[in-house]
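S.K.: fold the following and give me the result.
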Amino acid sequence: MAIIPQCYNDAVVAIGALNKNGNKVWYATGFVVARKNEDGGYNTFLVSNKHVLDDGTKSILLRFNIPGKIDAKDYAVTLIDENGKKYFSVHPESDVACLLLNGNILSTDLGSISAFCLEDHTLTREQMLDNEVFEGSIVYSLGFPSGLVGVDSKVPLCRMGCISKIKEPCDTNGYLLDIQNFPGSSGSPVINRIEANHLKGSKGYNATRLIGIMAKYIPYKDVLISRQTKKEMQIVQENSGIAVAYDVNSIKETVELEFSRVEALTAKVEANSTDPTVDES
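M.R.: Numbering: from 1, shown residues only. Model prediction:
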């Protein structure tokens, strides 16, 4: 009995880079979403955190799962060109970033890729509250936490938790999860669980949907005090087990920013090809 659709697992992507020895190092997570166009087709986007994509790194590696096949495939993706131009978009307030994927290359090379459809496979914050997916609701994250999955692994690690706080604001567009979030989990998709059993009189949502993206954990901080001098010696912190996630609204808004960026760039290129007086910078 499956609780999480296999296509959701296949839509999760490991993010990494080559170290100075030329070895692949995987340090973050992302996932593929699909945006329906007016002509009925789809554009596919990689979604991760702003702090993952917008840290000055010029290129990254993406590891895609191939539905129905054993092997995964790695691709090099340029984030910033030699002139400092960025090939991705970031949300102005939330820790969310995304970039348009070349669907033609991926579909030709891989045959097919899995994705969360933004129109069919998501629950916005408003929809979550309307359907009583709030405090206490069980959720899962799917990601590649560093040191907890094999270097060559293509299968994301599933972690289970619950929504800790969503009815009150947490950060901008954020809500809290009671779930373990380790380095490498940044950018993991968060999905809800089907609730077959629920309190009488409550709704009990009966579909599994993308509800957000993992961003960071909230550290528990304490102060070490000298027994002799009674002065503060050191501030220590540890993972509190409470994580911040950003909602689907933030994901959709970032996708729209990236779609608009690419459309504008495409229009400029087309104008340049027909008007030699247009500045190419």
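S.K.: C-alpha only now, for contacts and for neighbours.
M.R.: OK.
S.K.: E82 - how many residues pack around it?
M.R.: By the criterion of other Cα atoms under 10 Å, E82 has 7 neighbours.
S.K.: repeat that for Q6.
M.R.: Count around Q6 with other Cα under 10 Å applied: 11.
S.K.: in this structure, which helix or strand is least confident?
M.R.: Least confident helix or strand, the chain: helix 103-110 with a mean of 62, by mean pLDDT, DSSP states H and E.
S.K.: hang on, E238 packs against P219?
M.R.: Yes. Using Cα atoms under 8 Å, E238 makes contact with P219 at a distance of 5.4 Å.
S.K.: between these two, who's got more neighbours?
M.R.: Using other Cα under 10 Å as the criterion, E238 and P219 rank with P219 on top: 14 against 11.
S.K.: what bridges to that one?
M.R.: Applying DSSP bridges to P219 gives these bridge partners: N239.
S.K.: ok, it touching F182?
M.R.: No. Using Cα under 8 Å, P219 is not in contact with F182, being 11.5 Å away.
S.K.: helices along the protein, start to end?
M.R.: Using DSSP state H, the helices of the chain run over 6-10, 50-53, 103-110, 125-130, 248-274.
S.K.: any chance of the ones you listed in CSV, plus distance to G143?
M.R.: CSV is the format used below for the helices of the chain (distance: least, Cα to Cα, whole Å):
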stretch, distance to G143
helix 6-10, 9
helix 50-53, 14
helix 103-110, 21
helix 125-130, 22
helix 248-274, 17
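S.K.: and of these, who's closest to L142?
M.R.: Nearest to L142, of all those, is helix 6-10, at 7.0 Å by Cα to Cα.
S.K.: so of the helices of the chain, which one's packed in deepest?
M.R.: Compared across the helices of the chain, helix 50-53 shows the largest average neighbour count, a mean of 22 (mean count of other Cα atoms under 10 Å).
S.K.: need the CA coordinates for it. CSV is fine.
M.R.: The C-alpha coordinates for helix 50-53 follow below in CSV (Å, rounded to 0.1, in the frame of the first residue of the first chain):
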residue,chain,number,x,y,z
LYS,A,50,17.4,30.7,-2.5
HIS,A,51,20.4,30.0,-0.2
VAL,A,52,21.2,26.9,-2.3
LEU,A,53,21.1,28.5,-5.8
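S.K.: what does it rub up against?
M.R.: With contact meaning Cα atoms under 8 Å, 6 or more residues apart in numbering, helix 50-53 is reached by A28, L79, V90, H91, D95, V96, A97, S186, G187.
S.K.: for it, give the mean pLDDT please.
M.R.: For helix 50-53, mean pLDDT is 96.
S.K.: kindly report the same for stretch 244-264.
M.R.: In this model, stretch 244-264 carries a mean pLDDT of 95.
S.K.: got the CA positions of that stretch in CSV?
M.R.: The C-alpha trace of stretch 244-264 is given here as CSV (Å, rounded to 0.1, in the frame of the first residue of the first chain):
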residue,chain,number,x,y,z
VAL,A,244,10.7,26.3,8.6
ALA,A,245,8.9,25.5,5.3
TYR,A,246,7.6,27.9,2.7
ASP,A,247,4.2,27.4,1.2
VAL,A,248,3.1,26.6,-2.3
ASN,A,249,2.1,30.2,-2.9
SER,A,250,5.8,31.1,-2.7
ILE,A,251,6.7,28.3,-5.1
LYS,A,252,4.1,29.4,-7.7
GLU,A,253,5.1,33.0,-7.4
THR,A,254,8.8,32.2,-8.0
VAL,A,255,7.9,30.0,-11.0
GLU,A,256,6.0,32.9,-12.4
LEU,A,257,9.0,35.2,-11.9
GLU,A,258,11.2,32.8,-13.7
PHE,A,259,8.7,32.3,-16.5
SER,A,260,8.5,36.1,-17.0
ARG,A,261,12.3,36.4,-17.0
VAL,A,262,12.6,33.8,-19.7
GLU,A,263,9.8,35.3,-21.8
ALA,A,264,11.4,38.7,-21.6
